[in-house]
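Would you be able to build a 3D model of this:
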Amino acid sequence: QVKLVESGGGSVQAGGSLTLSCTSSGLTFDDYVVGWFRQAPGKERERISCITKRNNTLPYLDAVMGRFTVSRDNAKNTAFLHMNALNPADTAMYYCAADRSICGAKSRYWGEGTEVTISS
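Predicted structure coming up:
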């Protein structure tokens, strides 16, 4: 059974940093593209970025460009979302997803999310 589990969310003040983790089980992690997404209350889900099997990253969401970085450690079956200079607009539920070839709403496997709250 494939499982993705996000962790590392929490409440921080504006200007702070968080690193989210996405740990997988039940799949050959390095065969999968991993994406990070977020959904704020009352808004549509946004794709933050994705990291390919070869460690290339897709373009970042404009709102996080220069502040967020995606990485992965295949030996640990884990992907990361490093978030700096956080602001209240970053408050959302953050999700990771994995798929063999695509990175988007139709990615095959999804975690249940981790909540991030940024206070001003």
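
From now on I want contacts and neighbour counts done on CA atoms only, so please keep to that.
OK.

Strands along the protein, start to end?
3-7, 10-13, 18-25, 33-39, 46-51, 68-73, 78-83, 92-99, 109-110, 114-119 (DSSP state E).

For residue 60, which of those is the nearest?
For residue 60, the closest of the strands of the chain is strand 46-51, at 4.9 Å, according to Cα to Cα.

now the closest one: how far from the chain's centre is it?
7 Å (Cα atoms, centre = their mean, to the nearest Å).

and what of stretch 74-81?
Computed by Cα atoms, centre = their mean, the separation of stretch 74-81 from the middle of its chain amounts to 11 Å.

measure the nearest residue to residue 49 once chain neighbours are set aside to residue 84 for me?
Once flanking residues are discounted, residue 49 sits nearest to residue 60: 4.9 Å by Cα to Cα, 6 or more residues apart in numbering. Residue 60 is 14 Å from residue 84, where distance means Cα to Cα, to the nearest Å.

what are the bridge partners for the residue minimising distance to the centre of the chain, then?
Computing the C-alpha centroid of the chain and ranking residues by Cα atoms, centre = their mean puts residue 36 first, at 2.8 Å. Applying DSSP bridges to residue 36 gives these bridge partners: residue 49, residue 96.
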